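Q: Okay, predicted coordinates and the sequence, questions at the end:
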Amino acid sequence: MVYILYINNYDLTAQPFNLNWTLTNGATLNCDVLPVELVDLKAVPKDNVIEVEWITQVERDVELFVVQRGSNARDLQAIGTVRAEGGPSQWSGYRFIDNEPVQGINFYRLITVGTDGQEEVSRVVTARMGINEPVLVPNPASGLAVLHTSTMAPSGSVLRITDASGRTVQESVITNEGMQHIVDMGGLSNGVYVLFLHTADGAPLGHSRFVKE
């Protein structure tokens, strides 16, 4: 497992300082500079394809990006590559078109490959293709989850969660129009629930069954 330490505004006077800590259980410290600073990564469905887009702020000795896709967040396979075009002091935008996405939720990530063969793995992003009912990812969920809808849910739409007995246990209002919405499961007990989505005037937009664990 890799941990990244960021230090920001550690001293308003910009005076030097010493940072010390103890490593245990065979842990080691590697202060190599990361080859790429990934500013943004997203996957956007467009008609019958999904566009994977990313922006880099800094690239150091980067040769190419490998785009991976999977039907879950663990098992992803390479579906294409994009040559790196950035540099150490410029912003660069990239786009890869997935012409054969699977029906349902598609999971994507990038593998940044350096000129020395070293690899850096990005976070995973998702996009939904071809299912009418809303889909909650991940499911089972434990904390924050993302609700994917097949159509734009207008601002003011309501997310309502009911338990196995049909009792409403959580309700929230969507403030931004979109097709992906964050749902906080932190206040729910473990169990089976149903999430209902409807417009502000009560028109149903779909529902999704999920498990909180």
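A: Happy to help now that I have it. Just so it is clear, the structure is predicted and the values come from calculations on it, not from any experiment.
Q: count of neighbours near Tyr193?
A: 20 (other Cβ atoms under 10 Å). In short, each C-beta sits where N, CA and C put it, glycine included.
Q: Report the beta-bridge partner residues of it.
A: Tyr193 has the following beta-bridge partners by DSSP bridges: Phe210.
Q: roughly how far apart are it and Gly86?
A: 44 Å (Cβ to Cβ, to the nearest Å).
Q: Equivalent analysis for Leu64, please.
A: In this view, Leu64 and Gly86 are 12 Å apart by Cβ to Cβ.
Q: Neighbour count: those two, which is higher?
A: Neighbour count, other Cβ under 10 Å: between Leu64 and Gly86, Gly86 has more, with 19 against 14.
Q: what comes into contact with the helix or strand of the chain with the lowest mean pLDDT?
A: Sorted by mean pLDDT, DSSP states H and E, the helices and strands of the chain end with strand 144-153, the least confident at a mean of 83. Contact with strand 144-153 is made by 105, 126-128, 130-139, 159, 174, 177-186, 195, 197, 205-206, 208, 210, as judged by Cβ atoms under 8 Å, 6 or more residues apart in numbering.
Q: What's opposite Val52 in the beta bridge?
A: Beta-bridge pairing of Val52 under DSSP bridges involves Ala43, Phe96.
Q: whoops, I mixed them up, Asn106
A: Counting by DSSP bridges, the residues bridging with Asn106 are Ala127.
Q: so how far is Ala73 from it?
A: 11 Å.
Q: what do you get for Glu85?
A: Taking Cβ to Cβ, one finds Glu85 at 28 Å from Ala73.
Q: so Asp163 makes contact with Gly191?
A: Yes. Applying Cβ atoms under 8 Å as the test, Asp163 and Gly191 come out as touching, 6.5 Å apart.
Q: Give me the more crowded residue out of these two.
A: Asp163 (16 against 11).
Q: Sticking with the spatially closest residue to that one that is not a sequence neighbour, tell me its helix or strand.
A: Nearest in space to Asp163, with sequence neighbours left out and distances taken as Cβ to Cβ, 6 or more residues apart in numbering, is Val169 at 5.2 Å. Using DSSP states H and E, Val169 falls within strand 168-173.
Q: partners of the helix or strand just after that strand, with directions?
A: Remark: after strand 168-173, the chain's next helix or strand is strand 178-184, criterion DSSP H and E. Here strand 178-184 is paired, per DSSP bridges, with strand 144-153 (antiparallel).
Q: which ones are touching the residue nearest the centre of the chain?
A: Geometric centre of the chain, nearest residue: Val125, 3.5 Å, by Cα atoms, centre = their mean. Contacts here follow Cβ under 8 Å, 6+ apart; on that basis Val125 touches Leu41, Lys42, Ala43, Val52, Phe107, Tyr108, Arg109.
Q: Just send those back as a markdown table, with pLDDT too.
A: Below are the contacts of Val125 laid out as a markdown table (pLDDT from 0 to 100):
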| residue | pLDDT |
| --- | --- |
| Leu41 | 93 |
| Lys42 | 92 |
| Ala43 | 92 |
| Val52 | 97 |
| Phe107 | 92 |
| Tyr108 | 95 |
| Arg109 | 95 |
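Q: Which of those residues sits closest to Thr24?
A: Of all the contacts of Val125, Thr24 sits closest to Arg109, with 30.3 Å by Cβ to Cβ.
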